[in-house]
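> have a look at this prediction, sequence included:
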Amino acid sequence: MKKLSWFNKVMYFFNIVLTVLTFFAYLLPFMAPKVFPFLSVFTLVMPLMLILNFLFFIYWLLQTKRQMLLSGIFLLLGITFISKFYKFSSKDLPEDKADFTLMSYNVRLFNLYDWLPQRDIPQVIPAFVKQHNPDIVCLQEYNKVGDKSFSQYKHKFIFKMDGQAGQAIYSRFPIIGKGDIQFPGSANNVVYADIKKGKDTLRVYSMHLQSIKISPDIHENFDEEKSKVIFNRISEAFKKQQLQGELVEKHKSECHYPMIICGDLNNSAFSYVYRSVKGKMNDAFEEAGKGFGKSYNYKYYPARIDYVFTDKSIEVKEYTTFPAFINSDHFPVMTRLAFEEKEE
């Protein structure tokens, strides 16, 4: 420390502060938002902490200073968090006739209230689905506008809440059971369909957890007063998400079928609710995705809040996001899966 210049001493001080904050951030997925609502908000800046630690590591490395060990060690400790944020390589295994595909997409009511200037979104989204031809489609914030737009699917479960929003599951395979999980004091919910594939049955959950109600243009007209309102809003949403995640966790513990859970979690992969809902399942992005896996249209932040979780018995062979398809505030995600079916 004595051999450092005054500038490097200041840099090292900030490096120490950052690593202390990073350490606490690593603990946040294990801390219930109801108990620590203030701290839970900081899960949203975990990616920024990882990036800053990497920059500090490079800064010291270029000077061959041993201070590089500080951020280097914390990056190694958080290696599992890094893979949730960014994937350097993808998996794209050969197709097999037994493979099936699933798409999940929050369609934002098919632009019912003209949030976007395009007027043909109710036609464009079904055309996109038809083009990519998934075997199973889960649509959150669904609206009756889409009721006659997915005729290529013989089987469907459309669940409509009071008001405009609902959810829909379309399938090429027979749906032999269906239901929903209602959340107290919320317009959000989870729907599920038991889907017969060969001699096997898979349960597909489509989730839409409590929204934090932050628009993609949050950076505009941002001031101290607005930041306090947003901070409190996020804290309250995370507390509701905890309860909702626990209800999903309990419901899936009573299911004896192999499961797929997909949809809009409205939270990051570093959160308590992510850990609660995912449980011991695989995150399809971590298994086969590439890059940031951005699924929400924030301008300056690669937010991944839409997920596909799969049972350990289901192999994830490919995972794709479509950030160029801007017809909602979310982007579609799609995965190719393989499940070893029982012999006839």
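Arrived safely, thanks for sending. Residues are numbered from 1 along each chain as shown.

> just the helices in the stretch 101-250 of the chain please.
Remark: helices assigned in the stretch 101-250 of the chain by DSSP state H, counting those that start in this stretch are 108-111, 121-132, 224-253.

> what is the last one packed up against?
This means helix 224-253. Here helix 224-253 touches helix 37-40, strand 175-182, strand 189-197, strand 200-208, strand 259-264, helix 272-278, going by 3 or more Cβ pairs under 8 Å, 6 or more residues apart in numbering; DSSP states H and E. For glycine as for every other residue, the C-beta is placed from the backbone atoms N, C-alpha and C.

> least reliable of those going by mean pLDDT?
Looking over those, mean pLDDT reaches its minimum on helix 37-40, with a mean of 74.

> mind listing residues that contact the very next helix or strand once past that one?
The C-terminal neighbour of helix 37-40 among helices and strands, as given by DSSP states H and E, is helix 46-62. If you take Cβ atoms under 8 Å, 6 or more residues apart in numbering as the criterion, helix 46-62 is touched by 11, 15, 18-19, 21-22, 25, 28, 66-68, 70-72, 74-75, 78, 81-82, 85, 268, 270, 301-302.

> give the buried residues for helix 46-62.
Neighbour-count burial for helix 46-62 flags 46, 47, 49, 50, 52, 53, 56, 57, 59, 60 (criterion: 16 or more other Cβ atoms under 10 Å).

> looking at the helices and strands packed on helix 224-253, which is nearest to residue 252?
Nearest of these to residue 252, taken as Cβ to Cβ: strand 259-264 at 6.0 Å.

> chain center to that closest one, what's the gap?
10 Å (Cα atoms, centre = their mean, to the nearest Å).

> what of stretch 55-62?
31 Å.

> and the contacts of helix 46-62, which of them are in helices?
Among those, DSSP state H puts 11, 15, 18-19, 21-22, 25, 68, 70-72, 74-75, 81-82, 85 in helices.

> close enough to count as contact, residue 310 and residue 282?
Yes. With contact defined as Cβ atoms under 8 Å, residue 310 counts as touching residue 282 (4.9 Å).

> quick one, which of those two is more surrounded?
residue 310 (23 against 17; other Cβ atoms under 10 Å).

> which residues touch the more buried one?
259, 260, 281, 282, 284, 287, 316, 335, 337.

> now do residue 196
173, 174, 175, 176.

> buried ones among the residues you listed?
173, 175.

> before we move on, the earlier item: quick one: which of the ones in helices among the contacts of helix 46-62 is most hemmed in?
Across the ones in helices among the contacts of helix 46-62, neighbour numbers were computed from other Cβ under 10 Å; residue 71 holds the maximum, 25 neighbours.

> show me the domain layout of this protein.
6-85, 100-339 (automatic domain parsing).

> can you tell which of those is closest to residue 91?
Between the domains of the chain, domain 100-339 lies closest to residue 91; by Cβ to Cβ that is 3.8 Å.

> can you check the distance spanned by the closest one, start to finish?
Start and end residues of domain 100-339 are separated by 8 Å (Cα to Cα, to the nearest Å).

> given the strand or helix carrying residue 308, what are its sheet partners and their directions?
Residue 308 belongs to strand 306-310 when assigned by DSSP H and E. If you go by DSSP bridges, strand 306-310 pairs up with strand 259-264 (antiparallel), strand 282-283 (antiparallel).

> starting at the chain centroid, how far to it?
7 Å.

> likewise stretch 157-177?
Worked out by Cα atoms, centre = their mean, stretch 157-177 lies 20 Å from the chain centre.

> list the buried residues for it?
So for stretch 157-177, counting by 16+ other Cβ under 10 Å, buried means 157-159, 161, 164-173, 175.

> and stretch 302-313, by the same measure?
Buried residues in stretch 302-313 (16+ other Cβ under 10 Å): 303, 304, 305, 306, 307, 308, 309, 310, 311.

> from the residues you listed, pick the one nearest residue 153.
For the buried residues of stretch 302-313, the nearest to residue 153 is residue 308 (18.5 Å; Cβ to Cβ).

> quick revisit: make CSV from the contacts of residue 196 and add distance to residue 102 to it.
Putting the contacts of residue 196 into CSV (distance: Cβ to Cβ, whole Å) gives the following:
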residue, distance to residue 102
173, 11
174, 16
175, 14
176, 17
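
> farthest-separated two in the contacts of residue 196?
173 and 176 (9.4 Å).

> shared neighbours, the two?
Shared contacts of residue 173 and residue 176, counting by Cβ under 8 Å, 6+ apart, come down to 195, 196.

> gap between residue 27 and residue 38?
Counting by Cβ to Cβ, to the nearest Å, the gap from residue 27 to residue 38 is 14 Å.

> what is the neighbour count of residue 253?
8.
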